[in-house]
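Peer 1: Pasted the sequence and its predicted model underneath.
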Amino acid sequence: MIVTIYLFILTYFILGGLCFYYIYRNKEAHIAAKNRVKFISYFIIIHILFFSIIFNPMVFYYLALLIILGSLADMIKLFRQSGYAKKGFFTFSLLLFIVFSGGFICFSRMDKNLVLFTFLIVSVFDAFSQISGQLLGRNRLFPSVSPGKTLEGLIGGALIAIASAYMLKGLAGISSLNTFLLVSGIILFAFTGDAVTSLYKRKYRVKDFSNLIPGHGGFLDRFDSLVAGATFITILDFLGI
């Protein structure tokens with residue numbers, strides 16, 4: 001089972017790599033190089049998280065704590081750099097972040113199969129939303145908040161994530177109908193988390209939180225969707241659904 005899932009991941013990386021090559025094949029050398037760095041760092045991150053979930057879930061728990069602490073540092077850093085501007089907005093954002101952080105930490109201690117299922121769905125949705133948007137994107141969803149997000153990217157990422165969920169539903173041990181409902185909720189929360197993070201950055205007039213993760217930015221730039229998607233699973237667990 002582990003080998004099959006890993007081959008699933010590698011297949012998606014190969015497909016994603018081919019798509020990114022096609023997208024950036026005629027771009028300037030420095031832009032193509034930046035994309036390669038982003039792809040390689042994403043490959044490393046996915047592997048670290050994947051193997052931590054598979055072989056030692058406690059390691060994933062500590063990584064979740066690291067992600068939360070790093071994300072909190074990202075938020076505070078921007079607030080300080082702004083001269084402590086927009087205090088009300090920052091306070092609301094911080095409270096919202098605390099709620100989602102709690103959800104993410106609780107999620108990290110759940111059954112590892114459900115954790116792995118959610119992690120893979122968010123990763124697929126993240127990657128192929130970007131690919132679909134760059135290949136097909138025409139209609140921007142939030143031009144003033146996140147110019148890169150398009151309707152076509154959202155639909156493309158969602159369709160591939162849903163198809164992937166049916167291939168992986170044995171991990172979660174749920175029916176076809178419940179698979180659709182579960183993955184739809186994960187996608188909705190993941191997308192919302194990404195959009196809210198983009199809004200926070202625009203309020204403080206930055207593109208990325210930091211340059212800590214090559215090609216991606218800071219912790220929240222990379223993990224906002226995962227934190228939000230995981231929180232949806234925690235909510236379901238809390239409600240006993």
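Peer 2: In hand now; what should we look at?
Peer 1: where in the chain is pLDDT low?
Peer 2: Of all residues in the chain, none has pLDDT under 70.
Peer 1: measure the residue of the chain most remote from its centre to Arg205 for me?
Peer 2: What lies farthest from the middle of the chain is Gly83; by Cα atoms, centre = their mean that is 29.1 Å. Separation of Gly83 from Arg205 (Cβ to Cβ, to the nearest Å): 12 Å. (C-beta placed from N, C-alpha, C; glycine too.)
Peer 1: other SSEs contacting the host helix or strand of Ala228?
Peer 2: Using DSSP states H and E, the element containing Ala228 is helix 219-239. Counting contacts by 3 or more Cβ pairs under 8 Å, 6 or more residues apart in numbering; DSSP states H and E, helix 219-239 packs against helix 57-81, helix 87-108, helix 112-136, helix 176-203.
Peer 1: list the buried ones in the third one?
Peer 2: Going back to what we said before, that points to helix 112-136. 112-134 (16 or more other Cβ atoms under 10 Å).
Peer 1: from the chain's centre, how far out does it sit?
Peer 2: 7 Å (Cα atoms, centre = their mean, to the nearest Å).
Peer 1: now swap in the last one and tell me
Peer 2: Chain-centre distance of helix 176-203: 9 Å, with Cα atoms, centre = their mean.
Peer 1: List the buried residues in it.
Peer 2: Those would be 179, 182-183, 185-187, 189-198, 200-201, 203, for helix 176-203 by 16+ other Cβ under 10 Å.
Peer 1: what does the strand ranked longest in the chain contact?
Peer 2: What stands out as the longest strand in the chain, according to DSSP state E, is strand 146-150. Under the criterion Cβ atoms under 8 Å, 6 or more residues apart in numbering, residues 130, 133, 136-142, 194-195, 198-199, 202 lie in contact with strand 146-150.
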